[in-house]
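**Student:** coords please:
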Amino acid sequence: MISFRPPPAEAQLLKTLGEFSRDELRPLARGAERDGLVPRVLRKTATMLGIPALGLPRLAGGAGHPLGTLARCAETLAWGDPWLCLAVPGLDPATRVLASLVDAGVAMARTLAERQITDPTAGTALALFDAPEEPLVVDESRGALRLSGCKRHVLRAATATSAIVLGRDDSGAPVLVLVPTLDETFSAEIRPRGAGNALDGGRLEMAGFLPEDAHVAMRSDAALGLLGDALRQQQVLTAATQVGLAQAALDYTGSRAGALSAFGRTLKAEPAAAVALVDAHTALEAARLAVWRAAAAFDAELDGCEALADAAFATACEAATRATDLGLALLGPAAATTDHPLEKWSRDTRALALLGATASICDHGAAAGLLGASSFRHDLLDHILGGDAPQPFWT
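**Tutor:** Okay, here's the model as predicted:
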């Protein structure tokens, strides 16, 4: 017999997060998007509930939850708002990388993790320097750390108090650097790169005096492998976020469709609308099962985790897009206004799809797993740092 009922402790955790998602995230979502900031009261409440500790190992004072539990937590929080779910530390990609560094025994990573758990204002940015013609330059002379190079990927830099930087040095070796403090003593400047498109990135120069225990964390291919493993697990959590968004969209559409009528009948009584809703719910349940299966495979350290993560991400993105588009179609033009959350969710699901590999890359990875063939996804991060990737793995 297969049971999908979570253990009592996890059930209580999901219940608490569900109440936080309904009472805190959903009401504050529009204002946070308008202001471009995470409300301070929200970060304080999240810290009190222990959300920043969810994805961190027990060695650093975290909860040490397995990926399966984290996926269900991400789904529950995304029901309130997917972007606030990622903006609050705990289930974001930087936390996954930080957790991997703690497991690898990096002392500074443990310090940053402990700070994230206790300080509501703490946050970590993740930056990839990926231009082969302008490698990452690391200067540790005279007690100062100076980084310069060409970047195209910086995540959550605006609210960060620390940073994780990955790039290649002038010898071509991967370098992973921890920047423990981003404040008035540590400056960062982004300069446009030539006269090209602003989206093409720019030159990011960072300089400042750091504590004595600050150092380059890794200078080998181990840094590339560590970041790759962390981001593949994060791909599962992003897929879970899409599942939560799709569930929210279908719940909202179902609650509103009963009050609408067409040709003298309620919308739910229309066969075409009913079939479309059922198909969308079926796609959602398929995506949820794919996410849970991928998370369970990572927890059990089974072979083929990467292919399952690809399948889960592609399925979840498709289910979320289908759910939001269906809601907009059934509820009419009014649903596309800012009075309804469907308009925001429709944009969110497409933006979340950019936080992972493209659909074609995921299809190749999933197919490779089914056929027992090797997938070029194993070397995707290497392609990113070489500038040859067809689509950035993380934007």
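**Student:** Can you tell me the closest non-neighbouring residue to Ala160?
**Tutor:** Distance criterion C-beta to C-beta, 6 or more residues apart in numbering; nearest residue to Ala160, sequence neighbours excluded, is Ala125 at 3.6 Å. Every C-beta, even on glycine, is put in place using the N, C-alpha and C of the backbone.
**Student:** in the stretch 51-200 of the chain, which spans are helices?
**Tutor:** Remark: helices assigned in the stretch 51-200 of the chain by DSSP state H, counting those that start in this stretch are 67-78, 82-87, 93-103, 107-118.
**Student:** Quick one: closest of those to Gly332.
**Tutor:** When the helices of the stretch 51-200 of the chain are compared for distance to Gly332 using C-beta to C-beta, the nearest one is helix 82-87, at 23.7 Å.
**Student:** Please tell me how far the residue nearest to Ala160 sits from Leu166.
**Tutor:** Relative to Leu166, Ala125 is positioned 12 Å away (C-beta to C-beta, to the nearest Å).
**Student:** Any regions of this structure where pLDDT drops low?
**Tutor:** For the chain, the stretches with pLDDT under 70 are 1-3, 128-159, 169-170, 172, 182-224, 261-269, 358, 372-395.
**Student:** Show me it divided up by domain.
**Tutor:** With domains defined by automatic domain parsing, the chain comprises 8-118, 124-219, 223-386.
**Student:** For the first one, measure first residue to last.
**Tutor:** Using C-alpha to C-alpha, to the nearest Å, the end-to-end distance of domain 8-118 comes to 26 Å.
**Student:** circling back to that earlier point, may I see the domains of the chain organised as TSV, with mean neighbour count added?
**Tutor:** Shown next, in TSV, are those (neighbours: other C-beta atoms under 10 Å):
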stretch	mean neighbour count
domain 8-118	20
domain 124-219	17
domain 223-386	20
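**Student:** Which of the helices of the stretch 51-200 of the chain sits closest to Ala274?
**Tutor:** Per C-beta to C-beta, nearest to Ala274 of the helices of the stretch 51-200 of the chain: helix 67-78, 25.2 Å.
**Student:** got the angle between the closest one and helix 93-103?
**Tutor:** 150 degrees (axes from the mean of the first three to the mean of the last three C-alpha atoms, to 10 degrees).
**Student:** any idea how far Thr69 is from Ala104?
**Tutor:** From Ala104 to Thr69 the distance is 22 Å (C-beta to C-beta).
**Student:** Val41 too?
**Tutor:** 26 Å.
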